[in-house]
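Q: Structure, please.
(2 chains)
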Amino acid sequence: MTSYIRISNGKVYDPSNNVDGQIQDICIENGKIVETVPADARKIDASGMVIMPGGVDIHCHIAGPKVNLARKLQPEDHRHDPHPGTLHTRSGSGGTVPSTFATGYRYATLGYTTAMEAAVTPIGARHTLEELHDTPVIDKGFYVLLGNNIFLQQLLKEGRKEEFKQAVAWWINSTKAYTTKLVNPGGDEPWKGKKNSNVSDIDEKVTETDISPRQIIDAFIDAVNELGLPHPPHVHCNNLGHSGNFKTTLETMRTAGDRRVHLAHIQFHSYAGEIGKNPGSAAREIADYVNDHPNISCDVGQVMFGKSTIMTADAPLAYMLRGIAKGKWVNADTECESGCGIVPFKYQEHVYVHAMQWAIGLELFLLSKDPWRIILSTDHPNGGSFMNYPKLIKLLMDSSFRKEELSRANQKAINKTLLPELDREYSLNEIAIITRAGPARCLGLSNKGHLGVGADADITIYDDQQDKELMFNAPRYVFKSGIPVISNHEFCEDHTGKLLHVAPDYDESIVDSVRPFFENYYSIEFDNYAVDDSYLHDHEIIPTINQ
Amino acid sequence: MTISLSLHTQPDVPLEAELISPDKLAGLTTAEIEKQTVEHGNQKTTIADFFTVAGEKSDSLVLEGDLSKIKHIGSGMSFGKININGDVGAHLGTAMSGGEIVVEGNVGDWLAPEMLAGRVEVKGNAGHMVGSAYRGSPAGILGGEIIIHGNARNEVGHAMRNGMIVIGGDSGDFTGVNMLAGTIIVLGELGIRTGAGLRRGSVVCMKNSKLLPTFSYSCVYQPTYLRLYLLYLQSLGLGIREEQIMGHYERWCGDIIEFNRGEILLYHE
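A: This is a model prediction of the structure:
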């Protein structure tokens, strides 16, 4: 049965189509936005309300083996935050790493309808797909970790670039991923072999393979661009969290030249100062470079004060942080084609480093000249839970609230940043860009992040309130693929959401090169490795530029 | 004046009764108490479905009957008194911060986990996890006292940080496991692996026991502080002999893996 809905009298913010707060009707037919609907369509009066496309989270950690490990590590987090079911939705548990069901529903209660899991080991893809299938409401996808893959590095060392590209395409197809993710490229393997070894410079040759992080990054940018993936390589630079790492970050961006690249949680990579000493802010240098280079996009990875869970494929970093947090922690996936570390953490206002991280994130937002390329994220749950997004939006939109929060943070840190001088306030239109239109464009999702004809009917309707935190915390309506999942602040229907992935073309003969490597070194049969289509459930293949 | 609840119908599955605590019931009339909801499996039921209520507006509760299927009684209580004339189920006095619970019978597992202050006295036996931390929490009880006249099972005082736990009979395995500080006194036999991961604090036992190899013998001495504790316990009617009060104790240091700052004291005949 065809379902028609007409939403009228609301103020529409649709930056992709240059609609900035005009009153417009939005019409929905069978999960898509259309020009008009018949007169007997269901009508929703959105007077006094703000209509935006559904939110898109470009970088979060919500499914897969490491997320599950973080859940298992913190039963106390769940006990204090149960997520009760409703007539239409299932129950779960919350905390900084909610259960799959709670993750989907909680994203929906913020008006987010798409989220991308940012780091999955290839061998964890099957598990991740099953968890994503159990993450309701939102559409989702994941980035596959290939930056510390011995086989691929071997190909690079031998200069077999064409085979490298084909192997990357094979790996993406075998895992049903959305793009490639590089985490501390080249650094995890030495660390797994020898305690405390890592790469500290982008041009340092990794002893085992004799190639540098720069060569790895360069090769991936080339390969992904040639394959025409909708989203460029998603890079977590080397030296995350170390003072003075902004130089590495700038070098990483320079490596890209004028080719597309996405830098993840760039706040964690914008520290001045000397290694081993307290960090300063290099937000100005980083923001200037990003502003001047339209080929670069990034998400901020804002730190929010309170409980978080450090969860990363950067195993040496987690090992370093466990000495600071002094509580429980875990390293895992050491046998996989990547690494993994988990450390429960708490960011505190009075601590110099934490206040500095918080301020640098906000500086980056406020110094950004092109909101389309500096995207809102907290690197959930690393900088804080995604449930902090409304508060973060208020920090950006309300400078007096920001000043108030600022006065409570460590002043020694705050005074070393530009933050006290920055009076910029984000407009609703800019918020719609950094939370919706921008990430959708960076991901190459042409049907998301806007309300033009033909777009997916993922729509959020907020009450227009003065307090932006309250406003973004409780949308009145959330439509997912045209289904009113939340109506008058209450869940009224469940929805599964679909998997977004790519399937780049590749030369089948690459399998002949990969197979012997598996037979010699892997503990899994080659024929059992690739994820078959039965794991896909509802899915959409986003075409590459060449398809 | 007291509020008395006597069980007239045994629940089929355990009843989640956080509500039975002076904090929640002290200000209510009999009729209001009867209408309070409790979770019976996935059903919402009322107190009157299971209990006959008498009395009102009092911070002293008296519970009658076999309550071994009633869980979470006195959870988070901060004042008043609960007398239980019979057996009672798990999670009694969870995270209580004041007041007193006296049980005439036996209690289930998880007695007063993560308690902050207050007092629990059990005349019978207790289950596993007396005064312990819930799984994943960094610390167990932060204060208060738990007196059990009978036996207790495994993991007594898991990760406790302060306060006192006394077992009149035997205790199970892993007594004082991962303990951070505080005092555990066992008058009967200890199980195996006492004080594994003990960081600070004292475990005292009146019987000899085989300890973990990570505990090292240091001396025999007469701890002065222990006399105060034992005299107090004697006044509560626990079987403390005069020679134990003035007696000599072997001091074992450990756990070595946690820097050797804790102690186990064994009565030296």
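Q: and residue 173, what is it in contact with?
A: With no chain named, the answer covers chain A. Neighbouring residues of residue A:173 by CB atoms under 8 Å, 6 or more residues apart in numbering or on different chains: A:503, A:504, A:506, A:530. In this view, the C-beta of every residue, glycine as well, is placed from N, C-alpha and C.
Q: Actually, chain B is the one I wanted.
A: Counting by CB under 8 Å, 6+ apart, residue B:173 has contacts B:154, B:155, B:191, B:192, B:193.
Q: number of nearby residues for residue 111?
A: Defaulting to chain A. For residue A:111, the count of nearby residues is 28 (other CB atoms under 10 Å in any protein chain shown).
Q: Chain B was what I was after
A: Using other CB under 10 Å: residue B:111 sits among 29 other residues.
Q: Repeat that for residue B:188.
A: Residue B:188 - counted by other CB under 10 Å - has 16 other residues nearby.
Q: what about the nearest residue to it once chain neighbours are set aside, distance to residue B:126?
A: Using CB to CB, 6 or more residues apart in numbering or on different chains and skipping residues adjacent in sequence, the residue nearest residue B:188 is residue B:170, 3.8 Å away. Noted for residue B:170: a distance of 11 Å to residue B:126, by CB to CB, to the nearest Å.
Q: Then residue A:190?
A: On the measure of CB to CB, residue A:190 and residue B:126 end up 52 Å apart.
Q: ok, those two, which is more surrounded?
A: When residue A:190 and residue B:126 are compared for neighbours, residue B:126 comes out ahead with 31 against 19, by other CB under 10 Å.
Q: Quick check: that one touching residue B:155?
A: No - counting by CB atoms under 8 Å, residue B:126 sits too far from residue B:155 to count as a contact (11.3 Å).
Q: mind listing what the closest residue to chain B within the stretch 351-500 of chain A touches?
A: Per CB to the nearest CB, residue A:381 is where the stretch 351-500 of chain A lies closest to chain B, at 15.9 Å. The neighbours of residue A:381, taking CB under 8 Å, 6+ apart as the test, are A:61, A:70, A:96, A:97, A:308, A:309, A:311.
Q: now it, what's its secondary structure?
A: On the three-state scheme (DSSP: H, G, I helix; E, B strand; the rest coil), residue A:381 is labelled coil.
Q: confidence score at it?
A: Note on residue A:381: pLDDT of 94.
Q: And residue A:1, by the same measure?
A: 64.
Q: do the same with the one 3 residues further on
A: The model reports residue A:4 with a pLDDT of 93.
Q: Just confirm it contacts residue A:42, I think it does.
A: Yes - here residue A:4 reaches residue A:42: they are 6.6 Å apart, a contact under CB under 8 Å.
Q: Backbone dihedrals for residue B:63, please?
A: Reported as degrees, to the nearest 10, the phi and psi values for residue B:63 are phi -110, psi 140.
Q: and it, how many neighbours does it have?
A: 25.
Q: who's in contact with residue 105?
A: Picked chain A for this. Per CB under 8 Å, 6+ apart, neighbours of residue A:105: A:83, A:89, A:92, A:136, A:137, A:491.
Q: Wait, chain B was what I had in mind.
A: Applying CB under 8 Å, 6+ apart, the residues near residue B:105 are B:84, B:85, B:86, B:87, B:88, B:123, B:124.
Q: If you count neighbours, what's buried in the helix or strand bottoming out on mean pLDDT in chain A?
A: Here the helix or strand of chain A ranked lowest by mean pLDDT, DSSP states H and E is helix A:188-193, holding a mean of 81. Using 16 or more other CB atoms under 10 Å in any protein chain shown as the test for burial, helix A:188-193 gives A:188, A:189, A:190, A:191, A:192.
Q: Repeat that for stretch B:88-98.
A: B:88, B:89, B:90, B:91, B:92, B:93, B:94, B:95, B:96, B:97, B:98.
Q: With pLDDT added, can I get those residues in CSV?
A: As requested, these are arranged in CSV below (pLDDT from 0 to 100):
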residue, pLDDT
B:88, 97
B:89, 97
B:90, 97
B:91, 97
B:92, 97
B:93, 97
B:94, 96
B:95, 96
B:96, 96
B:97, 96
B:98, 96
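Q: Inside helices: which ones of the residues you listed?
A: Here DSSP state H is the test, and the buried residues of stretch B:88-98 give no hits in helices at all.
Q: Touching, residue B:61 and residue B:1? I think so.
A: No - the criterion here is CB under 8 Å, and residue B:61 misses it with residue B:1 at 11.3 Å.
Q: Much appreciated, bye for now.
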